[in-house]
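> Build me a structure from this.
(one chain, ligands or ions: 2)
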Amino acid sequence: MVRLSWFGHAAWQIEFRRCKVIIDPFLNGNPSASISPDEIKGVDYVLVTHDHSDHLGDAVEIAKANRAKFVSIFETSNYARKGGLPDDDIISMNIGSLNDFGTIHIGLVPAVHSGNPTGFIIMSDDKTIYHAGDTALFGDMKLIGDMYKPDVALLPIGGFFTMGPEEAALAAKMIKAKVTMPMHFNTFEAIKQDPERFARGLTGITDVRILKPGESTEI
Ligand code: NI
Ligand code: MN
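Ligands and ions are numbered 1, 2, ... in the order given. Sure thing, here's the model as predicted:
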């Protein structure tokens, strides 16, 4: 059993049997955050998709407090270095492959956005999660689906900075994860969306689960 908790915006915690991961922990200053950084305990890996403040958020502080590994693309890992994390606790990788860390496999995949954007493939306990980060719709999402066959896809649907509900619905059709969950919406006025617009039309294709910030689901 793998437990996924949404803390609002793009922040997710994933509890595998042997390790605990947090992704894009933007909690301080996030009006939809359901938890504060000092309540995050026992995390082994802090994953950051890109260096925009609504994703990097409290990642360095949480990695420090938990003695967790900070995982990101090279350019983003410089913030961890400048923030005083020891080199041993920084995993600075790049897009291209799924990498074995013993209890977990982690890989970076492309995302279409400004800066140095990435998505994550995370695999443990025979479950594979795709966190798309901030991204536009792009055709290689089909390739990501074919290659990694994710059990869960976490997709931004808010529009304005990322895919909107219609683009994200086509992304979900290309990725074909067993479970698909929307994120990166309703945090701010600019990304106000009705998630049902995303879910409509995906019946029978993927199990769409719409969480509220603070809620969890199991797969
Ligand atoms: Ni961004
Ligand atoms: Mn964002």
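
> show me what contacts the residue nearest the centre of the chain?
Centroid-nearest residue in the chain, with Cα atoms, centre = their mean: His131, separated by 3.6 Å. Contact partners of His131, counting by Cβ atoms under 8 Å, 6 or more residues apart in numbering, are Ala10, Trp12, Ile23, Asp24, Leu47, Thr49, Gly119, Phe120, Ile122, Leu154. (Glycine included, C-beta is placed from N, CA and C.)

> any idea how far the spatially closest residue to the first one that is not a sequence neighbour is from His131?
Going back to what we said before, that points to Ala10. Leaving aside its sequence neighbours, Ala10 sits nearest to Asp24 (Cβ to Cβ, 6 or more residues apart in numbering; 4.1 Å). Going from Asp24 to His131 by Cβ to Cβ, to the nearest Å gives 8 Å.

> and if you look at Ala68?
Distance, Ala68 to His131, by Cβ to Cβ: 16 Å.

> Would you mind pulling up the elements that the lengthiest helix in the chain packs against?
In the chain, taking DSSP state H as the definition, the longest helix is helix 165-175. Applying 3 or more Cβ pairs under 8 Å, 6 or more residues apart in numbering; DSSP states H and E, one finds that helix 165-175 contacts helix 141-148, strand 152-156, strand 179-183, helix 195-199.

> For the chain, which segments count as strands?
3-8, 11-15, 20-23, 45-47, 69-73, 90-93, 98-100, 105-110, 118-124, 127-131, 152-156, 179-183, 207-208, 216-218 (DSSP state E).

> Quick check: which ranges of the chain have low pLDDT?
When residues are selected by pLDDT under 70, none of them lie in the chain.

> Could you tell me which residues of it lie near ligand 2?
Residues of the chain that fall close to ligand 2, judged by Cβ under 5 Å from the ion: Asp54, Asp134.

> Might you enumerate the residues of this structure proximal to ligand 1?
So far as Cβ under 5 Å from the ion goes, the chain lies against ligand 1 at His52, Asp134.

> same thing but at 8 Å, please
His50, His52, Asp54, His55, His113, Ser114, Gly115, Pro117, Gly133, Asp134, Phe161, Thr162 (Cβ under 8 Å from the ion).

> returning to that earlier point: now the longest helix of the chain against strand 152-156, angle please.
With axes from the mean of the first three to the mean of the last three Cα atoms, to 10 degrees applied, the angle from helix 165-175 to strand 152-156 works out at 160 degrees.

> list the buried ones in helix 165-175?
Pro165, Glu167, Ala168, Ala169, Ala171, Ala172, Lys173, Met174, Ile175 (16 or more other Cβ atoms under 10 Å).

> of all those, which comes closest to Asp87?
Ile175 (34.5 Å; Cβ to Cβ).

> Quickly note the distance from the spatially closest residue to the closest one that is not a sequence neighbour to Ile191.
The shortest distance from Ile175 to any non-neighbouring residue, by Cβ to Cβ, 6+ apart, is to Gly145 (4.0 Å). Look at Gly145 and Ile191: by Cβ to Cβ, they are 24 Å apart.

> where do the contact lists of Asp24 and His131 overlap?
With Cβ under 8 Å, 6+ apart as the test, Asp24 and His131 both reach Ala10, Trp12, Leu47, Thr49.
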